[in-house]
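Visitor: 3D, please:
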Amino acid sequence: MTISMPKRSMHAFALLGLLAVQAAPVHAAPAAITQEEALSRRELQEAIGDLKLRLRDQDKWVRKRAVESLAKLGTPGAWSLVIGALADLNGEVSDTAQYLLARIDSADVLDELYGKNGLRSRDEWVSLRAAEVLGRVRIEVDGEALIGELSRRSPEMRRTLLWSVERLARAGNLGGDIAKRIQPAIDKEVRRGRDPRVRAGALFALAAIDSAAARPLTIDALNSREGAVRVGALALAVSVLGEGAEDAAMRCVADPEVPVRLQAIQVLAALGTRSAAQTLVARLSSEDDERVSWSLLDRLREISGLKHRLDPRPWRRWAAGLDEDWKALDTSGKGNAKGDDEDQTAAFAGLPVRSKRVCFLIDLSGSIWRERSDGRTRKEIVDEKLREVLESLPADAEFNLIPYTAKPIPWNDRLAPAKASNVKKATAFFEKINSGGTGNFWDAVLLALTDPRVDTIVTLTDGSPTGGRRYHLGLIVPLLEESNRTRHVVFDSILVDSSKKLQRYWSDLAAISDGRSIAIDLD
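Guide: Numbering: from 1, shown residues only. All right, here's what the predicted structure looks like:
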């Protein structure tokens, strides 16, 4: 049953916006309080009491709005309730709380966020949320509190802690004894950590704290047996190694692991020298991976301003004619020069598929079941579009299909060859699905990423995740960016009935992963 607001406090609730501006923090009363100020404080306490009740409402959207109102108040008591909302099982509520907690500006509130209701909570989701948000606050954070939790078993938690230290260091908000406690703990994680992605995260954090100290470890990491560690070292090459960056990238551009080659390509393009451009052209001539070939083409188009295709011959002629002091075009802020994809062999609802190891995610929530003017549902149109793209995949391609509602509904547990029999099975599987409900994108994308061979994820969605533990795209996008920086999976998206605000989030996700996002009309 929904909890109703007491009538006596309706006035106080209506004044929330005003009180958020004029009310003083309840723990810091002035020496003398006027009658008007006392009234405002009583109203504030009543309003917080009403919002506390609303945090127990059965409707998740009521709880979400209560979190937003408490954040607007911004008093320690209000923030305490927002911290408590991190434990809400619905992402619409807990994600909203996590996102808004970055606004805190009080050391007292930070102390609570470090404690048993936040970072040191026994609830893994709560501690993970607190670890992330501590990297986004705009006041000084005790880095020792973050480093003190590095003994956690979860690699995701340790990586998040290091990511927060990295962000705080770059923003100048990292407090604590950096030289004697924080830096040595991170250095140890770089050298001895068991999980390669955590080791890479530690290297990122160390470079943010002290790039000179990170230099020898970055050089060592370039020779690591773990691809994720080599990717991390390459990502830091320009800022940490300086003149040694080009040599490092040239040695790694033929690395046996695709993410390492992709990172080396980015470094060479960023350096923009004649020798770097010629190395990229030479690699285009010998590269046999579809995904890497497209990345090479995109980078060459960016630095040259030319629109040649995948055929390496015109690129070789261009590279041979470069002057010794040639420098790449300044492409900062201009986006990727992806051309018009003349060489692509398949497309899904108008989006070119530039991969031979692709997973399709399809959001089956709400609007896809809407009936069109011709009597067919949008789902039936997607049935046709999916069949078209799967049938047009090259014979040597691999694919998987994960429709999702409240939970993922995978067709297969891994990529499968794009042979006719598999395409027939996958399309039949999808056409029979009639499930609806919420659209839990987070669990679907995490499932897709468990297959190490997937290099591209194409999502068809209305753009708004619902259900599950993750809801806020303002969190989902940077979380995927952090998780993906040693893997380099492309996130493409096809948006249906998506607002401009949501489209911007999906465009950001595409941009940080070398992907694309388009909006279409299924009607």
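
Visitor: so what pLDDT did Asp229 get?
Guide: For residue 229 the amino acid is Val, not Asp. pLDDT recorded at Val229 is 98.

Visitor: and it, how far is that from Arg261?
Guide: According to CB to CB, to the nearest Å, Val229 and Arg261 sit 15 Å apart. Glycine gets a C-beta too; all of them are placed from N, C-alpha and C.

Visitor: which positions in stretch 87-107 come out as buried?
Guide: 88, 90-101, 103-104, 106 (16 or more other CB atoms under 10 Å).

Visitor: contacts for it, please.
Guide: 25, 60-61, 63-64, 67-68, 71, 74, 76, 79, 82-83, 85-86, 110, 113, 117, 121, 123, 125-126, 129, 132-133, 136-139, 442, 465-472, 474-475 (CB atoms under 8 Å, 6 or more residues apart in numbering).

Visitor: try stretch 110-119
Guide: 79-80, 83-84, 86-87, 101, 104, 120, 122, 126-127, 130-131, 133-134, 137, 139, 141-142, 145-146, 149.

Visitor: elements contacting the longest helix anywhere in the chain?
Guide: For the chain, the helix with the greatest residue count under DSSP state H is helix 35-54. Contacts defined by 3 or more CB pairs under 8 Å, 6 or more residues apart in numbering; DSSP states H and E place helix 35-54 against helix 10-14, helix 16-22, helix 60-73, helix 76-84.

Visitor: comparing the ones you listed by mean pLDDT, which bottoms out?
Guide: Looking at the helices and strands packed on helix 35-54, the bottom one is helix 16-22 with a mean of 42.

Visitor: circling back: just the ones in helices from the buried residues of stretch 87-107, please.
Guide: 91-100.

Visitor: report the buried residues of stretch 349-364.
Guide: Within stretch 349-364, the residues scored as buried using 16+ other CB under 10 Å are 349, 351-364.

Visitor: can you name the two of those residues that sit furthest apart?
Guide: Spatially, the most separated pair among the buried residues of stretch 349-364 is Lys356 and Leu364, at 25.9 Å (CB to CB).

Visitor: what is the neighbour count of the nearest residue to Ala416 once chain neighbours are set aside?
Guide: What sits nearest to Ala416 in space, not counting adjacent residues and going by CB to CB, 6 or more residues apart in numbering, is Asn422, at 4.8 Å. Neighbour count for Asn422, taken as other CB atoms under 10 Å: 19.

Visitor: so what touches the host helix or strand of Asn422?
Guide: In this assignment (DSSP states H and E), Asn422 forms part of helix 420-432. Contacts with helix 420-432, where a contact means CB under 8 Å, 6+ apart, come from 362, 383, 386-387, 390-391, 393, 399, 401, 403, 411-412, 416.

Visitor: who wins on neighbours among these?
Guide: For the contacts of helix 420-432, neighbours tallied by other CB under 10 Å; top is Phe399, 27 neighbours.

Visitor: which residues does that residue contact?
Guide: 357-360, 390, 393, 415-416, 418, 422, 426.

Visitor: again, only using 10 Å
Guide: Shown in contact with Phe399 (CB atoms under 10 Å, 6 or more residues apart in numbering): 346, 353, 355-360, 389-390, 393, 411-412, 415-418, 422-423, 426, 454, 456, 458.

Visitor: those residues in helices, which ones?
Guide: Per DSSP H, these map to helices at 389-390, 422-423, 426.

Visitor: pull the most distant pair out of these.
Guide: Among the ones in helices among the contacts of Phe399, Val389 and Asn422 lie farthest apart (CB to CB), at 13.5 Å.

Visitor: give me the number of residues near the closest residue to Val62 other than its chain neighbours?
Guide: Distances taken as CB to CB, 6+ apart place Arg54 nearest to Val62, at 5.5 Å, with adjacent residues excluded. For Arg54, the count of nearby residues is 23 (other CB under 10 Å).

Visitor: look up how far Thr438 lies from Arg54.
Guide: Arg54 is 21 Å from Thr438, by CB to CB.

Visitor: pLDDT of stretch 296-313, averaged?
Guide: 97.

Visitor: output the below-cut-off pLDDT ranges for the protein.
Guide: 1-39, 331-345 (pLDDT under 70).

Visitor: so the residue nearest to Arg122 when sequence neighbours are not counted: helix, strand or coil?
Guide: Using CB to CB, 6+ apart and skipping residues adjacent in sequence, the residue nearest Arg122 is Lys116, 7.7 Å away. Secondary structure state of Lys116, per DSSP: H, G, I helix; E, B strand; the rest coil, is coil.

Visitor: quick check: phi and psi on Lys116?
Guide: phi -70, psi -20 (degrees, to the nearest 10).

Visitor: Val490 too?
Guide: According to degrees, to the nearest 10, Val490 has phi -80, psi 130.

Visitor: list the contacts for it?
Guide: Taking CB under 10 Å, 6+ apart as the test, what Val490 contacts is 262, 291, 294-295, 354-355, 358, 454-458, 484, 510, 513-516.

Visitor: give me the buried subset of the residues you listed.
Guide: Listed as buried from the contacts of Val490 are 262, 291, 294-295, 354-355, 358, 454-458, 484, 510, 513-516; burial here means 16+ other CB under 10 Å.

Visitor: of those, which belong to strands?
Guide: 358, 456-458 (DSSP state E).

Visitor: ok, those residues vs Leu241, which is closest?
Guide: Distances from Leu241 to those, taken by CB to CB, are shortest for Thr456, at 29.8 Å.

Visitor: surely the closest one meets Glu290?
Guide: Yes - when contacts are counted by CB atoms under 10 Å, Thr456 is listed as touching Glu290 (9.2 Å).

Visitor: which neighbours do these two have in common?
Guide: With CB under 10 Å, 6+ apart, Thr456 and Glu290 have common neighbours 353-358.

Visitor: list the buried residues of stretch 54-67.
Guide: Result for stretch 54-67 [16+ other CB under 10 Å]: buried residues 54-55, 57, 60, 62-67.

Visitor: quick one, strands of the chain?
Guide: Under DSSP E, the chain gives strands at 141-142, 174-175, 346-348, 351-353, 357-363, 398-404, 416-417, 456-461, 490-496, 517-520.

Visitor: now tabulate those strands in CSV and tack on distance to Pro155.
Guide: Shown next, in CSV, are the strands of the chain (distance: least, CB to CB, whole Å):
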stretch, distance to Pro155
strand 141-142, 22
strand 174-175, 22
strand 346-348, 33
strand 351-353, 31
strand 357-363, 22
strand 398-404, 23
strand 416-417, 28
strand 456-461, 21
strand 490-496, 21
strand 517-520, 29
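
Visitor: OK, contacts around Gly244?
Guide: 215, 218-219, 222, 237-238.

Visitor: for those residues, which one is nearest Phe204?
Guide: Using CB to CB, those come closest to Phe204 at Thr218, 10.2 Å.

Visitor: who does Thr459 bridge with?
Guide: When bridges are called by DSSP bridges, Thr459 pairs up with Leu361, Ser493.

Visitor: any idea how far the closest residue to Val454 other than its chain neighbours lies from Lys116?
Guide: Closest residue to Val454 apart from its sequence neighbours, by CB to CB, 6+ apart: Cys359 at 4.9 Å. Distance, Cys359 to Lys116, using CB to CB: 39 Å.

Visitor: any idea how far Val66 lies from Arg487?
Guide: Careful, residue 66 is Ala; it's not Val. 37 Å.

Visitor: one step back: return the member of the contacts of helix 420-432 nearest to Ala319.
Guide: Leu393 (31.9 Å).

Visitor: so what's that closest one closest to, chain neighbours aside?
Guide: Ala418 (4.0 Å).

Visitor: can you count the residues close to the one you found?
Guide: So Ala418, with other CB under 10 Å, has 21 neighbours.

Visitor: how about the helices in the stretch 251-400 of the chain?
Guide: Under the criterion DSSP state H, counting those that start in this stretch, helices of the stretch 251-400 of the chain are mapped to 258-271, 274-286, 290-304, 312-320, 378-392.
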